[in-house]
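S.K.: Here is my input; please provide its structure:
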Amino acid sequence: MKRLKVDFADFAITAIIFDHVFVESLNPHKTAHELTREEVERLSNEKKRPVGVKDLVRALKISRDQASRKLRTAAAAGTISRTNRPEKGNRKLYVAASAPRFAPDPEKLFQELKIIKGRVRFVHPITGKEIEYRREPK
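M.R.: Predicted coordinates for the structure are as follows:
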């Protein structure tokens, strides 16, 4: 019987392809907090900065009170986080928390697994770009 050998690059490729599918299948009905996280992530990526109430008002065409409530409850749930410190009169800015994962992030796991020496290289299965993980210097 021939054994199948799986290396770290195989794990990384599998995680990239299937992680989103597994997360979605375990949680097909997104909560309001998760929907707010996705919107904050989209807006933040689009604008290349943290987002505030006005950004959500414009994007979702909702009232300022509704946008504030969405941001406040999503922050309390941990799906978004505040980026600036509270000061009198300042506007609150948010970024999305990391999306939920089924499998560990391959790059973070690579940094933790000291047993893997050198580097790991593979082609991203969706974008076709070459990916390389190297040990971060301490």
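
S.K.: Shouldn't residue 3 be within a strand?
M.R.: No: the assignment for residue 3 is coil, going by DSSP: H, G, I helix; E, B strand; the rest coil, so no strand is present there.

S.K.: residues near it, how many?
M.R.: By other C-beta atoms under 10 Å, the residues close to residue 3 number 5. Where you see a C-beta, it was placed from the backbone N, CA and C, and this is true even at glycine.

S.K.: Now do the phi/psi pair for it.
M.R.: With angles defined as degrees, to the nearest 10, residue 3 sits at phi -90, psi 150.

S.K.: swap in residue 51?
M.R.: Per degrees, to the nearest 10, the backbone of residue 51 is at phi -110, psi 160.

S.K.: Mind checking the pLDDT average for the helix or strand hosting residue 44?
M.R.: Element membership for residue 44, per DSSP states H and E: helix 32-47. Helix 32-47 shows a mean pLDDT of 93 in the predicted model.

S.K.: In this structure residue 106 contacts residue 14, no?
M.R.: No: Residue 106 is beyond contact range of residue 14, at 9.0 Å (criterion: C-beta atoms under 8 Å).
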